[in-house]
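Undergrad: Got a sequence here, can you model it:
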Amino acid sequence: MLGYLRRHYRQAALVLLVGALLLPRLGWAHVLDADLSKLSRTDIFLTYLKLGYTHIIPLGLDHILFVLSVYFLEPRLKPVLWQATAFTVAHSITLGMAMYGLISPPSDIVEPIIALSILFVAIENIFADRLNPWRIVIVFGFGLIHGMGFAGALTELGLPRKSFFESLIAFNVGVELGQVSVILLAWALVGRWTADKIWYKRRVVVPVSIGIGLIAAYWTVERVFLA
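TA: Just a heads-up that it's a prediction; the model follows:
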């Protein structure tokens, strides 16, 4: 690991710099500035669709880094979309269970595990030579945890009684659209041009994963000991 850091410190430092600039944005909060009682079902659906999207872009930097970690090891769209589908199914399960009151995940446990999930995938990216078949199972498992994190944000907002189910679906769809936007942007800016290069792993995957891993390690310590 130290050898990788020495060889790729400049690229990792760049990722860390970007992360440091974005870290303050984690303090942003969702704001529901509409009187839901005066909105139609369609308007409520669109409101929660937007809230789900903004929970990823720009508010969900930890979720963005997880999606990017999943993406960079195998940047072709088909494999990553399979993983994204597993992630979506998983977080939909726990988000729905939490909002219906079937589970009550404590945020002081969920948030550190989310950070650890990012760290785990980043480390795997550094040392794995290829995408392993069991990665989709790992992504599904971490998706269950991330769904509990989404539930924390949605619980703060609340759901309107008259459109509870539709609002829950809208928020989930918004989250998924945010994740797909991250994947497509990464593909358009990086994967499309570099995925087939012999230096892709060395110059892209390793330094980016080191940077993401260090940010995730910091978050883990912060959420366990400083929260």
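
Undergrad: where are the low-confidence patches of this structure?
TA: Applying pLDDT under 70 to the chain picks out residues 1-37, 227.

Undergrad: Not counting sequence-adjacent ones, nearest residue to the residue sitting nearest the centre point of it?
TA: Nearest to the geometric centre of the chain sits residue 63, at 1.8 Å (C-alpha atoms, centre = their mean). Once flanking residues are discounted, residue 63 sits nearest to residue 56: 5.6 Å by C-beta to C-beta, 6 or more residues apart in numbering. (Each C-beta comes from the backbone N, C-alpha and C, glycine too.)

Undergrad: quick one: that neighbour from residue 206, how far?
TA: Going from residue 56 to residue 206 by C-beta to C-beta, to the nearest Å gives 25 Å.

Undergrad: The residue nearest to the centre of the chain: what's it in contact with?
TA: 55-56, 114, 146, 149, 178-179 (C-beta atoms under 8 Å, 6 or more residues apart in numbering).

Undergrad: can you name the two of the residues you listed that are farthest apart?
TA: 114 and 178 (15.6 Å; C-beta to C-beta).

Undergrad: And the most far-flung residue of the chain relative to its centre, how far from residue 152?
TA: Most distant residue from the mean C-alpha position of the chain: residue 38, 32.6 Å away (C-alpha atoms, centre = their mean). As for residue 38, its distance to residue 152 is 27 Å (criterion: C-beta to C-beta).

Undergrad: Also residue 125?
TA: 27 Å.

Undergrad: Also residue 110?
TA: With C-beta to C-beta as the criterion, residue 110 and residue 152 are 7 Å apart.

Undergrad: Helices along this structure, start to end?
TA: Here the chain has its helices, by DSSP state H, at 2-7, 9-22, 41-56, 61-73, 77-99, 107-127, 135-157, 164-186, 192-194, 200, 206-221.

Undergrad: Which of those helices has the highest mean neighbour count?
TA: Neighbour counts (mean count of other C-beta atoms under 10 Å) averaged over each of the helices of the chain peak at helix 61-73, with a mean of 25.
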